[in-house]
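Trainee: Sharing a model that was predicted from the sequence below.
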Amino acid sequence: MDQTRGHGSIQMLLSAEHEAQQIVADARNLKLARLRQAKEEADREVAKYKAQMEAEYQKSLSDSSGSSDLTVKRLEVETAAKIKSLKDIGGKVSPEVVKMLLKHIIVVKS
């Protein structure tokens, strides 16, 4: 009877060992699944953050290029106004300059 009882004890130990191995394997699989899920969530967050930063960068680019377009237009208007002003002044002074040049050319100092 001792053999039967010993054989039953060995079977119980083997069964318990197999059950423990199964529990450990399940725990490992659960841990791996959690790690995969955490990695996927982290990847999504990184992609979201990257998209947000890219959008902010593109917005700042468009803002700065938009303001430079406005600056260019403003400078073109200012330049055109200054050119017109110089032409007007030149038109007013031109007869006087011509008269002065003719006077100096005609009058010869001896």
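Mentor: Yep, that arrived.
Trainee: Could you list the low-pLDDT ranges of this protein?
Mentor: 1-6, 66-67, 108, 110 (pLDDT under 70).
Trainee: Okay, helices next: where are they in it?
Mentor: 2-106 (DSSP state H).
Trainee: Just give me the neighbour total for Glu96.
Mentor: For Glu96, the count of nearby residues is 9 (other C-beta atoms under 10 Å). C-beta coordinates here come from the backbone N, C-alpha and C atoms, glycine included.
Trainee: State the number of residues packed around Leu30.
Mentor: When counting by other C-beta under 10 Å, one arrives at 10 neighbours for Leu30.
Trainee: roughly how far apart are it and Gln21?
Mentor: Counting by C-beta to C-beta, to the nearest Å, the separation of Leu30 from Gln21 is 15 Å.
Trainee: now do Val93
Mentor: Distance, Val93 to Gln21, using C-beta to C-beta: 106 Å.
Trainee: ok, now Ile106?
Mentor: 122 Å.
Trainee: between these two, which one's more packed in?
Mentor: Between Ile106 and Gln21, counted using other C-beta under 10 Å, Gln21 has the larger neighbour count: 10 against 7.
Trainee: got the contact list for that one?
Mentor: By C-beta atoms under 8 Å, 6 or more residues apart in numbering, no residues touch Gln21.
Trainee: Look up how far Val77 lies from it.
Mentor: As judged by C-beta to C-beta, Gln21 and Val77 stand 84 Å apart.
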